[in-house]
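> Give me the fold of what follows.
(chains A and B)
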Number of protein chains: 2
Amino acid sequence: MTDFRFELLAEDGPARRGRIFTAFGTIETPAFMPVGTAATVKAMTNEMVEATGAEIILGNTYHLMLRPGAERIGRLGGLHRFMGWQKPILTDSGGFQVMSLAERRKLTERGVVFSSHLDGSRHELTPERSVEIQHLLDATVTMVLDECIALPAPPREVARAMELSLRWAERSKRAFVRRAGYGLFGIVQGGTDPELRRRSAEGLVEIGFDGYAVGGLAVGEPQELMFATLEATCPLLPAGRPRYLMGVGKPADIVGAVARGIDMFDCVLPTRSGRTGQAFTRRGPVNLKNARHADDPRPLDETSDCPAARDYSRAYLHHLVRSGEILGAVLLTWNNLWYYQDLMRNLRTAIAAGRLAEFVARFEAEQAMGDLEPWSG
Amino acid sequence: MTDFRFELLAEDGPARRGRIFTAFGTIETPAFMPVGTAATVKAMTNEMVEATGAEIILGNTYHLMLRPGAERIGRLGGLHRFMGWQKPILTDSGGFQVMSLAERRKLTERGVVFSSHLDGSRHELTPERSVEIQHLLDATVTMVLDECIALPAPPREVARAMELSLRWAERSKRAFVRRAGYGLFGIVQGGTDPELRRRSAEGLVEIGFDGYAVGGLAVGEPQELMFATLEATCPLLPAGRPRYLMGVGKPADIVGAVARGIDMFDCVLPTRSGRTGQAFTRRGPVNLKNARHADDPRPLDETSDCPAARDYSRAYLHHLVRSGEILGAVLLTWNNLWYYQDLMRNLRTAIAAGRLAEFVARFEAEQAMGDLEPWSG
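Modelled structure (predicted):
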């Protein structure tokens, strides 16, 4: 069996071009993971997700433990088999969604007890139970349970949550059943305080993980604060392990984070926006609901290899979105995931060639151009 | 250019195996047309529809004239180009939906004036305007406008509507711009009265059409009454023209209608049921919402070539449907359309081999078996 490991192939400043080896195949990094919350990347077939070039997707422990249930997925052979996705899957710990979605939460040293947002049923999530659920799901990468506090928060609160998360990380490590080609990631917390981030990172490295995530960012703070936190945190993490920035982000966030040494990303943005009429393109976001597209025979981006971007007129996409047709969500989600994977491909090529700065300049210039002029017939 | 024509390849009793030649390619009959109401077969990509074997789809004039508008689709190159479907498209006349969806209708000899169910805007549909709209849509097959009355209705009402429809059929014929490979179909009306059906059929044949539809059925009448009407009507229609039973139907309706001489069908059932958790299978309908499927690792039908029927567990499909995931609608719609096309393929093979009775007996036996026993683990 393949060991779970990270190979650093090239560097360009702090930016890294790498490869993760797993029991379910390799992942070229920097990598973007489409979010498959409830055992499906919303509005996509697996074939469509694969066609974009995605090599790993994310599943949400919180959603899956409530419906259809972790033990059930375990009996059915794990998440890969359940949903028919054979490449790697990373699952989160459930902690973030418990804090954002669940009701009547009670947090103690032991873990968190909460009520399901679906039916009010009571559940407990401890570090051990989160790891056990992710084991039942057969996650390729398991994340430790951490406490995600809402920011801004008093420094003492941030420190307390970070320390608790460190103790939970240690319990997660003990609970994790090592298997060849499977990995366990720790999560650096500490808000935007460099000193707290340092203590968190050092504590996690001492425990020892297969990869390190940066959590607690992209929760509304300004982009420069996120970048500053990455600049303070990434150098503290071991070069031989992948680094994952959770829940990020917009294309410009990803480009900036890659330039600061991040290897992995996940975000609902491309899928969620695809269901509300927003398309990501080289020239920035396009709102297909806008009436300016109603008579426009041009595709979203004729230079794209994505069928959704290349083979349908903006007029047609506009019509589908306005009519609330499922195909509108399907095509725009496909376009968006493809755009994100194109971005990652371009970042990987640029880093390997030592031309990241050049790529970033072109990326920013194209995004700044904005969309095509309105169609004039 | 190919002429629009019908070739009768084989007969088995009244049942016919044929081929329709059009400007957009051939259609093997008996054929089922998936419904693509608003320029999309709901929840499907064109590739998925093609993979089922469908060779023609249906578009709804009423929906398209209101949104995005017939003139707009015309400017964008017609419906094939607009939606990216290159095979034949049949459009209805709009008459049926005006009667079932529109508001504040006023019917006169000239046509019908109505308000849009979308925004209340006033529109007029005359035989000439319906043909013009279908021309703008670039429909491969245009249907004449007819008056669809709600049944049951007094015999005098049924007769009046049938006579009006005949006069409208004549006006439609005059308005239709003949192009090589494009066809215009008349619609036999007259409720369930054989004498009215005879007068309607004879009147239409005298006007002369490229195909003949049987309208006004599948509106709630018992199946035997529909079959009796087909037995009275089909022999009155020219053997060298395709016969289309509008809005039908359940698998057993289609099998019975083919046995009585019908060549073409359309129905929202496979697509609509796919969005509400119902799957059609060889062994009858399966309701995936039912809790009996929650732990069932078996596919819907392991003998099917459809990925949706073969590659996913019932447990997964149940989960998707219960969670309201778009992929649930996608996979079940795909399964259902594939099942319908399998049924048509089997009917064509059986007729060609002179073994329709045998096929019908097996079809009925399989449907009567009902679904698999519940999974017992």
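
> can you give me the end-to-end distance of stretch A:122-138?
24 Å (Cα to Cα, to the nearest Å).

> next one: stretch A:33-45
Terminal residues of stretch A:33-45 are spaced 15 Å apart (Cα to Cα).

> how about that stretch, does it reach chain B?
Yes - using Cβ under 8 Å from any Cβ of the partner chain, stretch A:33-45 reaches chain B at A:38, A:39, A:40, A:42, A:43, A:44, A:45. Glycine gets a C-beta too; all of them are placed from N, C-alpha and C.

> Give me the phi and psi for the first one.
Spelled out, it's residue A:38. Taking degrees, to the nearest 10, you get phi -110, psi 50 for the backbone angles of residue A:38.

> Pretty sure it sits against residue B:326.
No - look at residue A:38 against residue B:326 with Cβ atoms under 8 Å: they stay out of range, at 10.9 Å.

> how much space between residue A:316 and residue A:295?
Noted for residue A:316: a distance of 11 Å to residue A:295, by Cβ to Cβ, to the nearest Å.

> State the pair within the residues of stretch A:33-45 next to chain B that is farthest apart.
Greatest spatial distance in the residues of stretch A:33-45 next to chain B: A:38 and A:45, 15.0 Å, computed using Cβ to Cβ.

> Compare residue A:316 and residue A:295 (neighbour count), which wins?
Per other Cβ atoms under 10 Å in any protein chain shown, whichever of residue A:316 and residue A:295 has more neighbours is residue A:316, with 27 against 19.

> The helix or strand harbouring the more buried one and chain B, any residue contact?
Using DSSP states H and E, residue A:316 sits within helix A:314-322. Yes - judged by Cβ under 8 Å from any Cβ, helix A:314-322 comes into contact with chain B at A:315, A:316, A:318, A:319, A:320, A:322.

> Using CSV, write out every CA atom in that helix.
As requested, the backbone C-alpha atoms of helix A:314-322 are provided in CSV (Å, rounded to 0.1, in the frame of the first residue of the first chain):
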residue,chain,number,x,y,z
ARG,A,314,-25.1,33.5,-22.4
ALA,A,315,-28.7,34.0,-23.7
TYR,A,316,-29.4,30.4,-23.0
LEU,A,317,-27.8,30.3,-19.6
HIS,A,318,-29.7,33.5,-18.7
HIS,A,319,-32.9,31.8,-19.8
LEU,A,320,-32.2,28.7,-17.7
VAL,A,321,-31.4,30.8,-14.6
ARG,A,322,-34.4,33.0,-15.0
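
> what residues does it touch?
With Cβ atoms under 8 Å, 6 or more residues apart in numbering or on different chains as the contact definition, helix A:314-322 has outside contacts at A:277, A:279, A:286, A:288-291, A:293-300, A:325, A:327-328, A:331-332, A:375, B:38-40, B:67-68, B:72, B:76, B:82-84.

> Just the buried ones from these, in PyMOL syntax?
In PyMOL, a selection of the buried entries from the contacts of helix A:314-322 looks like this (16 or more other Cβ atoms under 10 Å in any protein chain shown):
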select buried, (chain A and resi 277+279+286+288+293+294+295+296+299+300+325+327+328+331+332) or (chain B and resi 38+39+40+68+72+76+82+83+84)
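
> Just the ones of the contacts of helix A:314-322 in strands?
Among the contacts of helix A:314-322, the members found in strands (DSSP state E) are A:279, A:286.

> Find the closest residue to chain B in the stretch 51-200 of chain A.
Taking Cβ to the nearest Cβ as the measure, the stretch 51-200 of chain A has residue A:68 as its residue closest to chain B, at 4.5 Å.

> Let me know the pLDDT of that residue.
With respect to pLDDT, residue A:68 has a value of 98.

> again with residue A:148
For residue A:148, pLDDT reads 89.

> Neighbours of it, how many?
22.
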